[in-house]
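Trainee: What shape does this take:
(chains A and B)
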Amino acid sequence: MLPYLLVAPALFVVGAFFLVPLGFSVVGAFEGPAGPTLDNLGRAFGLYRTDLLFTLVIVAASTLLTGLGAIAIGGYLTLGRNRTAVRMLAAMYRWPLFIPFIVAAQAMRGFIGQNGLMNNTLIWIGLMPQEWAQSFLDWRGIVITFVWKQLPFATLLVAGAMAALDRSGIEAAQNLGAGRLRILLGIVLPQVARNVMVALVLSFVTMMSVLSVPLMISGQSPTMLTVAMAWRINSLGDYGTANALGLVSCVLTGLVAWIWLRQAAQERGGRGQGGGAT
Amino acid sequence: MGVSVEVEDLTVSYGATPVLHRVSVAVGAGEFVALLGPSGCGKTTLLRSIAGFVKPSGGVIRAGTRDITHAPPERRGAAMVFQSYALWPHMSVAKTIGYGLAIRGWDKARIAARVEEMLRLLRLEGLGARLPAQLSGGQRQRVALGRALAVDPEILLLDEPMSNLDARVREGVRHELRALQRDLGITAIHVTHDREEAMILADRIVILHEGRVAQHGSPEDLWARPASAYVADFLGATNRLPVRVRDGMAEGAEGEPPLRLDPGRAPPAGASTLHFRPEEARLLAPGEGIDGLVFHGTVALSAYPGGRWRAAIRVAGQEVLVDVPERVAQGAAVRLGIPAAAAHLFAATEPQQDRRAEVTPAH
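Mentor: Prediction:
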């Protein structure tokens, strides 16, 4: 009895706040004024094909950059020789973790705009002439914000896995004359590849679902699917198309996660692994 | 071919805790030296300093004529075999052994030929494609050794490479390692807490105690003439009995003749402690004499560990262990004889602390 009691709250939360809405959303995607229909999906694909592509490209680019950044930071934390630098980096890299997306987006608006803090500082220091100042408040801004926000999370997972490696494995490579980059790529990375994958899949999923960042950073079209969904609901009261977009993004995300995890499982000698997050 | 290694006045601290105090060790080219001592004596720290993984706060380390005190690990010409083997779980045996060669820019065909040669040398033929998880403990150990030997190092550093092998495998590996090192002419420095392993492998043994060299010399030398109670204890002379030294003579039981001590090795007059090994003492027949010390005691216990009987004998309130050819009856009064060559006498230290408990027993 006790085990069920302990699981109950979690089950309730997952059921009430995730599975039930998901069910409604899936059903809603196929609901029209006159019974079941595929019109919603048709409209979603017809009107938002570019946004769908845009979303995928942005999130994929952000995921890639997040991965590279996490490996670089984790690698330095593991192999860095300057102890003070390592300690400072270890203390600092987590900070963005505690800042919500919406706050990050607002801060970025003030930072990377045409007259933002970044440009002003660069001009003030004399590193850049005034004419060069341009706004990054477009797709680049979204990528920058996503990476800035997701990097600490991915790094936390990757650096943690690196720290848990047998230190003598690194020393053995060093002892044979391997440089640090070589050790990172040839010894450390293959051993934490699975953790990198998990961090990236989770980051991908998170970024797919963020509304505030694309909404606040970039007012242009094309935009991300979340913005399109909000638009359908808030301005047009069109829940059908919004649900269809939601379904598409959910299926896409699930697909990416599945392909990724399957590949990771194959690389690990075919040990089967269930996958798929939403 | 190996080069000599010279460690001079090496001092190492971990934070505020000093680990090595001005340790000096000289290893000749092609020599096999064992660093022996219980855990925490600093032997691994000394090895890691030579490998370049620990920064000394003072002293000099030389390889041949080169000063390598501050050289990075990869420029020391020293290859290390780690206690955990430190094999890379994602890398095949062949790739692992060839790793150092790939770093040195060898082409693929040459690496493959060298790896094949190492596999043959270490009796790992046909296992090149395996991952570490698919190997036995002995095979892993040989792969780790192969990885170190493949780059033809001048110095081979061994950090308790056999402590994870079971006793039967270990026996064989010891002799193989020794033969290999001799054939290749590499200078080898081997860290171990296993006395027997050090004795079998090494040309010379350096015994460390609390970050200082307690004694160094050939295995036979250390065995026959331990310089301190600590060394005697560590080399198996774990039995102790109190003895009085007077006029260069040690006195055993009353009524038995005293032993004239070698003037070079005699402790100062006064209270001394006699150390001896269970297998070097014997029980004397009534009236039998011996060139050595004689004590009177009673048999407290007899046990049979195999081959010979081991008797616990109570002498003047202390118990000592003695190997005897036959079972002796419990409670029997016996005369215990310790030959002069087996009697190691040291001034009794105050306070008399029992170090036996801390010392890892050798097998």
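
Trainee: what about the helices in chain B?
Mentor: In chain B, the segments counted as helices under DSSP state H are B:43-51, B:93-103, B:108-121, B:137-150, B:167-184, B:195-201, B:219-224, B:229-234.

Trainee: for the ones you listed, which one sits closest to chain A?
Mentor: helix B:93-103 (3.7 Å; C-beta to the nearest C-beta). In this view, the C-beta of every residue, glycine as well, is placed from N, C-alpha and C.

Trainee: contacts for that closest one?
Mentor: Here helix B:93-103 makes contact (C-beta atoms under 8 Å, 6 or more residues apart in numbering or on different chains) with A:173, A:176-178, A:182, A:186, B:79, B:87-88, B:91, B:110-112, B:114-115, B:118-119, B:124, B:127-132, B:135, B:143, B:146-147, B:150-151.

Trainee: Let's have the helices of chain B in TSV, adding mean neighbour count and mean pLDDT.
Mentor: TSV is the format used below for the helices of chain B (neighbours: other C-beta atoms under 10 Å in any protein chain shown; pLDDT from 0 to 100):
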stretch	mean neighbour count	mean pLDDT
helix B:43-51	24	94
helix B:93-103	23	95
helix B:108-121	16	93
helix B:137-150	23	91
helix B:167-184	15	84
helix B:195-201	21	91
helix B:219-224	16	93
helix B:229-234	24	92
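
Trainee: which parts of chain A sit against chain B?
Mentor: A:166, A:168-169, A:171-179, A:182, A:186-187, A:190-191 (C-beta under 8 Å from any C-beta of the partner chain).

Trainee: Just the buried ones from the residues you listed?
Mentor: Neighbour counting with 16 or more other C-beta atoms under 10 Å in any protein chain shown marks A:166, A:168-169, A:171-178, A:182, A:186-187, A:191 as buried within the residues of chain A next to chain B.

Trainee: Among those residues, name the ones in helices.
Mentor: Per DSSP H, these map to helices at A:Ser168, A:Gly169, A:Glu171, A:Ala172, A:Ala173, A:Gln174, A:Asn175, A:Arg182, A:Gln191.

Trainee: of all the buried ones among the residues of chain A next to chain B, which comes closest to B:Ala26?
Mentor: Taking C-beta to C-beta as the measure, B:Ala26 lies nearest A:Asn175 of those, at 22.6 Å.

Trainee: so who does the closest one touch?
Mentor: B:Ala51, B:Gly52, B:Pro73, B:Glu74, B:Ala78, B:Ala79, B:Met80.

Trainee: Need the per-residue pLDDT for it.
Mentor: The model reports A:Asn175 with a pLDDT of 91.

Trainee: The closest residue to chain B within the stretch 1-150 of chain A - how many residues pack around it?
Mentor: Using C-beta to the nearest C-beta, A:Arg81 is the residue of the stretch 1-150 of chain A that sits closest to chain B, at 9.2 Å. Applying other C-beta atoms under 10 Å in any protein chain shown, we find 9 residues neighbouring A:Arg81.

Trainee: tell me the pLDDT at it?
Mentor: 82.

Trainee: just the strands in the stretch 1-150 of chain A please.
Mentor: A:31-32, A:35-36 (DSSP state E, counting those that start in this stretch).

Trainee: where does the stretch 51-200 of chain B come near chain A, residue by residue?
Mentor: Contacts of the stretch 51-200 of chain B with chain A, taken as C-beta under 8 Å from any C-beta, map to B:51-53, B:72-75, B:78-80, B:82-84, B:86-91, B:99-100, B:103-104, B:144, B:147-148, B:151.

Trainee: Please determine how far the residue most central in space within chain A is located from chain B.
Mentor: A centroid search over chain A (C-alpha atoms, centre = their mean) returns A:Ser203, at 2.9 Å, as the residue closest to the centre. Taking C-beta to the nearest C-beta, to the nearest Å as the measure, A:Ser203 falls 24 Å from chain B.

Trainee: got a list of what that residue touches?
Mentor: Neighbours of A:Ser203 in contact, by C-beta under 8 Å, 6+ apart: A:Ser62, A:Thr63, A:Thr66, A:Gln150, A:Phe153, A:Ala154.

Trainee: one more time with 10 Å
Mentor: Contact analysis of A:Ser203 by C-beta atoms under 10 Å, 6 or more residues apart in numbering or on different chains lists A:59, A:62-63, A:66-67, A:70, A:146-147, A:149-151, A:153-154, A:157.

Trainee: Repeat that for A:Ile233.
Mentor: A:Tyr239, A:Thr241, A:Ala242, A:Asn243, A:Leu245.

Trainee: Which single strand of chain B contains the most residues?
Mentor: strand B:292-306 (DSSP state E).

Trainee: for that strand, packing partners?
Mentor: Where contact means 3 or more C-beta pairs under 10 Å, 6 or more residues apart in numbering or on different chains; DSSP states H and E, strand B:292-306 is packed against strand B:239-246, strand B:249-251, strand B:259-260, strand B:270-276, strand B:282-284, strand B:308-315, strand B:318-324, strand B:333-339.

Trainee: what about the stretch 101-250 of chain A, any weak spots by pLDDT?
Mentor: Within the stretch 101-250 of chain A, no range satisfies pLDDT under 70.

Trainee: switch the cut-off to 80
Mentor: Low-confidence segments of the stretch 101-250 of chain A, defined by pLDDT under 80: A:219-221.

Trainee: re earlier: kindly present the helices of chain B as TSV, with separate columns for distance to B:Ala16.
Mentor: What follows is the helices of chain B, written out as TSV (distance: least, C-beta to C-beta, whole Å):
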stretch	distance to B:Ala16
helix B:43-51	15
helix B:93-103	37
helix B:108-121	44
helix B:137-150	34
helix B:167-184	37
helix B:195-201	31
helix B:219-224	33
helix B:229-234	25
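
Trainee: and A:Thr253, which of these is closest to it?
Mentor: Closest among the helices of chain B, using C-beta to C-beta: helix B:93-103, at 36.3 Å.

Trainee: chain center to the closest one: distance?
Mentor: Centroid separation for helix B:93-103 versus its chain: 31 Å, with C-alpha atoms, centre = their mean, to the nearest Å.

Trainee: ok, now stretch B:301-319?
Mentor: How far stretch B:301-319 lies from its chain's middle: 26 Å, per C-alpha atoms, centre = their mean.

Trainee: Let's see the distance spanning it from one end to the other.
Mentor: 10 Å (C-alpha to C-alpha, to the nearest Å).

Trainee: buried sites along that stretch?
Mentor: Residues of stretch B:301-319 classed as buried by neighbour count (16+ other C-beta under 10 Å): B:Ser302, B:Trp309, B:Arg310, B:Ala311, B:Ala312, B:Ile313, B:Val315.

Trainee: any idea of the mean pLDDT in that stretch?
Mentor: On average, stretch B:301-319 scores 90.

Trainee: do stretch B:324-344 as well
Mentor: Regarding stretch B:324-344, the rounded mean pLDDT is 90.

Trainee: quick one, helices of the stretch 51-200 of chain A?
Mentor: Along the stretch 51-200 of chain A, counting by DSSP state H, counting those that start in this stretch, helices occupy A:83-92, A:101-112, A:117-125, A:139-163, A:167-175, A:180-183, A:189-208.

Trainee: Cool, thanks, signing off.
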